[in-house]
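Asks: Pasted the sequence and its predicted model underneath.
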Amino acid sequence: MTNTLAYHQAASRSAWEIDAVFLFITVVSLFFFILVEGLLIYFAVRYRRRRAEEAHATSDVRSNFVLETVWVIIPSIVVIAFFVYGYVVYRDVTTPSPGASDIHVVAQQFLFNFKYPDGRTGINELRVPVGKPVKLIMTSRDVIHGFFVPAYRLKQDILPGRYTYLYLQPDKEGAYDVYCAEYCGGGHSTMRAKLIVMPPGEYANWVAGAAAEAAVPLADRGKALVEKFGCLGCHTVDGSPKVGPSLKGLFGRQGTLEDGRTVTADEEYIKESLYDPGAKIVKGFPNVMPTFKGTVSPDDVTAVIAYIKTLK
Ligand SMILES: [Cu+2]
C-alpha cells in the first residue's frame, strides 16, 4: 500500500533543500502579492470617483524617479535571489558526492532493472544502505521513461541510446516510491519501484543473503521471483485479468491466440512468453509484455514455471 504521508515526507537532503527553495519563493511571492493586490484594492476604494464632477480631480503626475527606481530595483533583487538560491540547490543536487556507489538502471516497458557493482540485480527494487550516496547511471531499452522519487523531490528522464544520471542521498531509512514519470505506453501506470533504504547491518545481511539464495523449494523461489520481477504489476494470481491474463490455472490450459491459433500452456510456452512475448499474443490482450530475456535467467524461468504450476 502506498502511504500518502510517505509520499510527501522529505527523506533526503535534496528534499529538504528543494522544499526550502519552494518555500522561499512562495513566501516572498505571497508577500508581494498581498502588498500589490492590497494596495490595488485600497486605492480603488480610497480614490474612487464619487460624483461625475470629480472627473479631473487628480493632479497631473508624470513620473516619480525615486519611486520608479525603487520598484525596479527591489523586484530585480528578488528575482536574482530566486535564481541564485535555486541555482545553488540545483548545482548541489546534480553534483556527485565523493564516494558514491554506482548503480545501473535499465528501464524498459514497464519496469526498472537495477544492476549493482558486484553483479547483483533487482527488478523494481533498489536497496541501498542509509547514509551512503548513490549515483544512478540510467538508460532505456525502448522508449523514454522517467525516474521520479517524490520523497527525494528528484526526477530524471531515462532515454534510449544515452546515459543520464541521478544522485541520491539516502539520509533516512524507509521504503520510498519510485514512479516512471514519462508516459511510456499501456502499462505506464504499473511502472513503479521501491527505493529501500536500510540500516548498514541489515543491508550487509541482505547482500550476503542475496548471494546465497539456496535451500528454498523451487515453487517458493518462483513465487518470490514473480513478485520481484514485477509480474504482478500486470498479472494476478487469483483468476482476474489485469493488463495481462491471470496466471491462475494457466498451466496446461488451452488458450486462443490473437491470430486464432490454439496453444497449450506448457513449459516451453511459458518460457517463450517470458523471452519472446510478442511471438504468441493471447487473444484479447495487448502486446505490451516486456521481454525478460537477459533479466530472468533460465534457472529462474524454471522456478517461475514451478510456481505457476501450483496456481490451480
Ligand atoms: Cu516508463
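Replies: In hand now; what should we look at?

Asks: Looks like V93 contacts S12 (just checking).
Replies: No - V93 is not in contact with S12 according to Cβ atoms under 8 Å; the separation is 9.2 Å. Backbone N, C-alpha and C define where each C-beta goes, glycine included.

Asks: Identify the contacts common to the two.
Replies: Common neighbours of V93 and S12 (criterion: Cβ atoms under 8 Å, 6 or more residues apart in numbering): L154.

Asks: between the two, who's got more neighbours?
Replies: Neighbours per residue, other Cβ atoms under 10 Å: of V93 and S12, the larger number sits with S12, 22 against 19.

Asks: looking at it, that one is touching G174, isn't it?
Replies: No - checked against Cβ under 8 Å, the pair S12 and G174 is beyond contact range at 10.4 Å.

Asks: Spit out the residues that contact the two alike.
Replies: Jointly contacting S12 and G174 under the rule Cβ under 8 Å, 6+ apart are A151.

Asks: Let me know how buried D171 is, in neighbour terms.
Replies: Around D171 there are 17 residues (other Cβ under 10 Å).

Asks: I'd like to know how far it sits from the ion.
Replies: 27 Å (Cβ to the ion, to the nearest Å).

Asks: Would you list the phi and psi of the closest residue in space to that residue that isn't next to it in sequence?
Replies: Excluding the flanking residues, the one nearest D171 by Cβ to Cβ, 6 or more residues apart in numbering is S12, at 5.0 Å. When read as degrees, to the nearest 10, the backbone of S12 gives phi -160, psi 160.

Asks: cool, G255 as well?
Replies: phi -120, psi 150.

Asks: show me what contacts it?
Replies: P245, T262, V263, T264, A265, V282, K283.

Asks: of all the residues in the protein, which ones are close to the ion?
Replies: H145, C180, C184, M191 (Cβ under 5 Å from the ion).

Asks: what's the pLDDT at the residue in the stretch 201-312 of the chain that the ion sits nearest to?
Replies: For the stretch 201-312 of the chain, the residue closest to the ion is P290, as judged by Cβ to the ion, at 10.4 Å. pLDDT, P290: 89.

Asks: which residues does it contact?
Replies: Contacts of P290 (Cβ under 8 Å, 6+ apart): Q108, Q109, F110, L111, R141, D142, P277.

Asks: Run the chain-centre distance for the longest helix seen in the chain.
Replies: Looking across the chain with DSSP state H, the single longest helix is helix 13-46. In terms of Cα atoms, centre = their mean, to the nearest Å, the centre of helix 13-46 is found 30 Å from the chain centre.

Asks: that older thread, now, which of the contacts of P290 lie within strands?
Replies: Counting by DSSP state E, the part of the contacts of P290 found in strands is Q108, L111.

Asks: Make CSV from the contacts of P290 and add pLDDT and neighbour count to it.
Replies: Formatted as CSV, those follow (pLDDT from 0 to 100; neighbours: other Cβ atoms under 10 Å):
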residue, pLDDT, neighbour count
Q108, 91, 20
Q109, 88, 20
F110, 88, 25
L111, 92, 24
R141, 89, 16
D142, 89, 14
P277, 91, 18
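
Asks: Just the pLDDT for P150.
Replies: 93.
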